[in-house]
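S.K.: 3D model of this:
(2 chains)
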Amino acid sequence: GAGVSQSPSNKVTEKGKDVELRCDPISGHTALYWYRQSLGQGLEFLIYFQGNSAPDKSGLPSDRFSAERTGGSVSTLTIQRTQQEDSAVYLCASSVRRDPYGYTFGSGTRLTVV
Amino acid sequence: RKEVEQDPGPFNVPEGATVAFNCTYSNSASQSFFWYRQDCRKEPKLLMSVYSSGNEDGRFTAQLNRASQYISLLIRDSKLSDSATYLCVVNVGDDKIIFGKGTRLHILP
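M.R.: Numbers count the residues shown, from 1 in each chain, chains lettered A, B, ... in the order given. A predicted model of the protein is given here:
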């Protein structure tokens, strides 16, 4: 597609439920990243994919968080047993290589855990 | 010292004025530097790269000071539409990218 597409754009979920967030990167972009941004805060790195592998998943905050990427394209971020502190905007970005010159961000998924 | 540090602001600047803000980084081996812009409730977008020789794009000038380990962004003749949060982004090496928390800029009419 023309840009990075994320779905859903908004998600309200009850504490303890699992959620899946989807990212569809720009065609041909082999690098894909997940970040989250809490209200008024900076971007917090979660995980980086090169193709289908994740050489850097150092930012995942707990084992409730996992992500996968299939076919070198779509990625899914899963949060199990959501907690209120998981509420944030989850941003996906893609690029040709791992360099922020080429980052294109999606418009994000706003997750609210109630 | 944080890896990438920015003054959070807000900087409240009258329209037409010049404003500048800095971003410091702690790793002297950092390889590349960028400024991103983020509008309220929107995703970040690349504003400009920062080269060793400095670079200019219209009203915007970015500079790198390796000796003192900071980058700067200067905005001349500021417009209302410049109001946003400006994020400093540093490639600190080993494929590690760090985003600063951003500097909020409000241009006042």
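S.K.: Now the residue of chain A found nearest chain B: phi and psi?
M.R.: In chain A, no residue comes nearer to chain B than residue A:42, which is 3.4 Å away by CB to the nearest CB. Placement of C-beta: from N, CA and C, glycine included. Here is the backbone geometry of residue A:42 (degrees, to the nearest 10): phi -80, psi -180.
S.K.: May I have the residues that are in contact with it?
M.R.: Applying CB atoms under 8 Å, 6 or more residues apart in numbering or on different chains to residue A:42 gives the contacts B:87, B:99, B:100, B:101, B:102.
S.K.: Leaving out chain neighbours, which residue sits closest to it?
M.R.: Among residues not flanking residue A:42 along the chain, residue B:101 sits closest, at 3.4 Å (CB to CB, 6 or more residues apart in numbering or on different chains).
S.K.: For burial, what's the neighbour tally of that neighbour?
M.R.: Residues lying near residue B:101 (other CB atoms under 10 Å in any protein chain shown) number 20.
S.K.: In a helix, it, correct?
M.R.: No - read with DSSP: H, G, I helix; E, B strand; the rest coil, residue B:101 is coil and lies in no helix.
S.K.: Next, the contact list for the residue in chain B that chain A sits nearest to, please.
M.R.: Distances between chain B and chain A by CB to the nearest CB are smallest at residue B:101, namely 3.4 Å. Shown here is residue B:101, whose contacts under the criterion CB under 8 Å, 6+ apart are A:41, A:42, B:6, B:8, B:87.
S.K.: Which members of the residues you listed define the maximum pairwise distance?
M.R.: Between any two of those, the greatest separation by CB to CB is 12.4 Å, found for A:41 and B:6.
S.K.: Tell me which of the two has more neighbours.
M.R.: Taking neighbours as other CB under 10 Å, residue A:41 and residue B:6 compare with residue B:6 leading, 23 against 12.
S.K.: Could you measure from the more buried one over to residue B:21?
M.R.: Taking CB to CB, to the nearest Å as the measure, residue B:6 falls 7 Å from residue B:21.
S.K.: so what's in contact with the two at the same time?
M.R.: Counting by CB under 8 Å, 6+ apart, the residues touching both residue B:6 and residue B:21 are B:86, B:103.
S.K.: For chain A, list the residues in contact with chain B, please.
M.R.: If contacts are counted using CB under 8 Å from any CB of the partner chain, the residues of chain A sitting beside chain B are A:35, A:41-43, A:45, A:48, A:55-56, A:91, A:98-101, A:103, A:105-108.
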